[in-house]
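Undergrad: Structure for this input, please:
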Amino acid sequence: MTSNDVTMVLPADKPVNHVYTTKIGDKQITIETGRLARLAGGAVTVRIGETIAMATATMAKEVRTGIDFFPLSVEYEERLYAAGRIPGSFFRREGRPAEAGILICRLVDRPLRPLFPDDLRNDVQIIITALSHDQINDIDVMAVNAASAALIVSDVPFTTPVGAARIGLIGGEFVVNPTIPEMEYSDLDLRIAGTRDAIVMVECGANEVDEATMTKALRLGHEAIQDYVTLQERMRAEIGKAKSDYKRFGTNKEFNQQVRDRVGTRVQNVIDTTLDKTERSTFLDSIEGEVMAQMQAIGDVDADELHQVMKDVTSEAVRDRILRDGVRPDGRTPRQIRAIWCEAGDHLSPRAHGAGLFTRGETQVLSIVTLGSKEDAQKLDGLFPSEEKRYMHNYNFPPYSTGEAKVLRGSSRREVGHGALAERALVAVIPDEDAFPYTIRVVSEVLSSNGSTSMGSVCGSTLALMDAGVPIKAPVAGIAMGLVTDGKGGYAILSDIQGLEDHIGDMDFKVAGTAKGITALQMDIKIAGITPEILEQALAQAREGRMAILSKILEVLPEPRSSIKAHAPRMLIVQVDPERLGMVIGPGGKTVRGIQEQTGARIDIEDDGRVFISSIDGASAERAREMIESMSTPVKVGNIYTGRVVRITDFGAFVEIAPKTDGMVHVSQLADHPVQQVADEVSLGQEISVMVTAIDDGGKIRLSRKAVLEGMTLEEAIESDSRGGGRRSSGDRGPRRDGGRSGDRGHRDRDRGPRRD
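TA: Modelled structure (predicted):
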């Protein structure tokens with residue numbers, strides 16, 4: 001290369017950007033593809049207002065070996081630059097997904113997974129990135145729509161477009177895709193996803209919405225997504241890539257038949273005659289072992305392939321018996337609920353603030369309540385506008401609950417999702433902060449699992465909250481509904497499904513609510529979708545089960561306990577004029593720190609004037625309240641205050657009754673007996689109770705201790721003061737002897753703290 005050579009940048013062909021628009025409700029949705037992430041299998045951006053989500057979908061070239069499931073992964077990349085913010089973490093960058101991000105991943109995964117080919121074993125990865133967030137249009141439902149569109153235009157073998165929408169209920173009217181501000185007034189937060197013909201996913205929180213209203217909302221949601229499904233069909237036809245071929249996973253037909261021939265009717269006999277889960281598993285394992293030995297005698301056997309055939313045979317036997325005879329693996333009819341027993345109280349955890357144990361069949365959940373101050377609320381650092389959360393529900397699923405031994409690696413996405421579902425079910429009945437000013441945390445420990453532990457945690461937590469004395473609006477119960485279909489239009493809806501029915505069934509539909517209505521829904525399916533008619537029937541059947549479970553809960557605790565536990569913190573709220581908050585806080589927070597140090601109480605102050613006081617000792621909280629009220633309320637004639645003697649003269653004592661506010665007690669008003677020397681009756685720093693008998697135009701305050709000691713009325717105290725010779729002219733001794741404000745202000749610079757009324 002010579003010095004005359006020049007580096008040339010070749011002209012680029014600008015990529016073609018395809019733009020499509022449609023509406024869901026009254027919100028315009030704009031989809032763009034072709035310009036960004038061109039090496040991904042498929043990439044789109046979806047925009048509503050100024051909120052933009054980018055989704056990519058990419059499939060690995062090779063099959064992942066050694067697995068018997070479809071390896072789909074969904075990741076949500078929340079970038080705070082989308083809202084013009086810098087992360088609040090120490091490293092000032094985003095870390096692992098927060099709870100809200102994990103829930104979005106689950107929301108995207110659940111409607112898409114059942115629509116992939118059953119025999120696909122290549123890794124498929126969907127990544128959703130928040131590029132912009134206007135704090136008005138939420139990104140969760142958009143993420144589902146973006147992921148589906150990315151798959152449709154990609155080379156990934158996914159061919160059934162999915163649409164998603166949010167349905168709100170505001171002022172008794174349904175709203176499709178309401179904004180974040182609008183949702184503040186909504187009694188319903190229903191997120192629904194579906195295909196052209198069926199509903200594939202439901203996620204919902206509600207304020208005790210009845211079943212009929214919920215059914216209407218489900219139908220409206222399915223109707224609302226149809227134009228978006230149509231748009232994706234058009235995109236697939238116009239710009240969609242050819243779908244990649246892949247190696248089909250499945251058992252060899254000849255091998256499959258050989259295994260089935262050797263199994264014969266033995267699996268069906270076990271299913272028909274064995275009700276106990278452990279005994280049934282033992283018998284089925286024995287049959288599989290015998291068949292394995294027989295197959296190995298004639299050649300090599302793939303153990304995973306044989307195990308898959310046995311799972312298929314077992315599933316068919318269970319489904320056949322339910323559809324044929326209406327009998328489930330444990331002998332129940334479709335509507336029957338397993339045996340239930342409950343407990344609540346200190347014997348479960350003496351130091352906990354509330355505890356409830358819920359057992360249904362072989363599912364058992366222990367829920368524990370902890371009450372805290374406002375400062376204990378969870379701080380949120382995400383794109384959603386909310387900054388904190390005062391009700392938290394955590395769910396733990398240890399391996400021993402299923403009789404297994406595994407390494408503990410922190411909360412899984414499933415645990416986060418189940419905790420969020422239980423939280424959603426109960427938050428509707430949590431009292432308002434003004435009525436019960438506590439931060440509330442519930443932890444549900446799954447002790448034994450055989451179906452519907454998330455709904456078990458709802459029931460156990462209702463007991464725990466009532467045991468803690470939380471005045472919930474109504475008790476909540478939850479139940480998991482199942483579905484078995486025959487592929488020909490026949491089906492059976494199952495109440496209170498157990499683990500096997502969840503595994504082999506076509507639907508897991510969780511419903512939680514009060515006697516009045518629904519507070520939470522979650523539906524996952526394994527088939528291409530179900531109709532609104534099936535959902536309507538499932539909701540009605542779930543209500544029957546929910547009411548039966550509620551009756552068992554109320555047998556143990558018919559209502560919340562009348563008071564919180566002795567060792568739970570006491571919480572008080574004082575409403576202060578916002579303009580007087582400075583007096584409570586003090587310079588650099590000095591005053592409020594002083595109150596906390598003197599009383600041992602914890603104090604949290606809101607800009608609207610609410611002051612939250614918490615303390616394990618109720619007396620300490622009350623003392624702090626009195627101090628705050630004394631300094632935030634103007635001194636009034638006739639009120640009684642407890643203050644500290646800050647100065648002694650020959651004619652009386654000056655008493656500080658509020659920060660930087662003192663008055664004078666004349667010697668004649670110091671006691672209910674004659675006093676010769678002021679110093680004989682009171683000393684510096686001594687606390688005494690006094691009544692305000694007068695405040696002159698200059699703000700000088702006249703006090704009487706005698707009025708308090710003798711229980712005088714204000715009129716009697718004024719008369720006594722005048723008879724006692726306490727009134728003096730302004731010329732007798734100067735300002736310091738006439739009124740409450742001392743001319744010597746030096747004592748006010750000391751950190752004395754406020755006085756109580």
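Undergrad: what helix or strand is the closest residue in space to Met691 that isn't next to it in sequence on?
TA: Distance criterion C-beta to C-beta, 6 or more residues apart in numbering; nearest residue to Met691, sequence neighbours excluded, is Ala707 at 4.2 Å. Yep, even glycine has a C-beta here, placed from its N, CA and C like the rest. Take DSSP states H and E as the rule and Ala707 turns out to sit in helix 705-710.
Undergrad: low pLDDT regions in the protein?
TA: The chain contains residues with pLDDT under 70 at 1-5, 251, 724-757.
Undergrad: and the residue nearest the centre of it, what are its phi and psi?
TA: When C-alpha atoms, centre = their mean is applied to the chain, the residue found nearest the centroid is Glu423 (4.4 Å). Glu423 has phi and psi values of phi -60, psi -40 when expressed as degrees, to the nearest 10.
Undergrad: follow-up on the earlier one: buried ones in the helix holding Ala707, by neighbour count?
TA: Of the residues in helix 705-710, Arg705, Lys706, Ala707, Val708, Leu709 count as buried by neighbour count, 16 or more other C-beta atoms under 10 Å.
Undergrad: quick one on the thing from earlier: does the residue nearest to the centre of the chain really touch Met392, like I thought?
TA: Yes - using C-beta atoms under 8 Å, Glu423 is in contact with Met392, at 7.0 Å.
Undergrad: Now for these two: what residues contact both?
TA: Val442 (C-beta atoms under 8 Å, 6 or more residues apart in numbering).
Undergrad: Can you give me the first-to-last residue distance of stretch 398-412?
TA: Start-to-end span of stretch 398-412 (C-alpha to C-alpha, to the nearest Å) is 11 Å.
Undergrad: Show me what counts as buried in that stretch.
TA: Neighbour-count burial for stretch 398-412, counted by 16+ other C-beta under 10 Å, picks out Ser401, Ser411.
Undergrad: Would you map the helices across the stretch 301-450 of the chain?
TA: Counting by DSSP state H, counting those that start in this stretch, the segments of the stretch 301-450 of the chain that form helices are 303-325, 413-427.
Undergrad: Quick one: list the elements packing against the longest one.
TA: It stands for helix 303-325. Here helix 303-325 touches helix 253-263, helix 266-273, helix 277-296, strand 477-485, strand 491-495, helix 499-504, going by 3 or more C-beta pairs under 8 Å, 6 or more residues apart in numbering; DSSP states H and E.
Undergrad: So in that sheet, which strands flank the fifth one, and in what orientation?
TA: So the one you mean is strand 491-495. strand 477-485 (antiparallel) (DSSP bridges).
Undergrad: Give the full set of residues in contact with Glu606.
TA: Lys374, Phe612.
Undergrad: Val484: which of the helices of the stretch 301-450 of the chain is closest?
TA: Among these, the nearest to Val484 by C-beta to C-beta is helix 303-325 (5.0 Å).
Undergrad: neighbouring contacts of the closest one?
TA: By C-beta under 8 Å, 6+ apart, helix 303-325 touches 66, 68, 251-252, 255-256, 259-260, 263, 267-268, 270-272, 284, 287-288, 291-292, 295, 327-329, 334, 484, 486, 490-492, 494, 500-501, 503-505.
Undergrad: Pull out the buried positions in stretch 344-352.
TA: Of all the residues in stretch 344-352, those buried under the rule 16+ other C-beta under 10 Å are Ala344, Gly345, Leu348, Ser349, Ala352.
Undergrad: hang on, the fourth one packs against Ile368?
TA: Yes - the pair Ser349 and Ile368 passes the contact test of C-beta under 8 Å, sitting 5.9 Å apart.
Undergrad: Any buried residues in stretch 238-257, and which?
TA: By neighbour count on 16+ other C-beta under 10 Å, the buried set for stretch 238-257 is Gly240, Tyr246, Phe249, Thr251, Phe255, Asn256.
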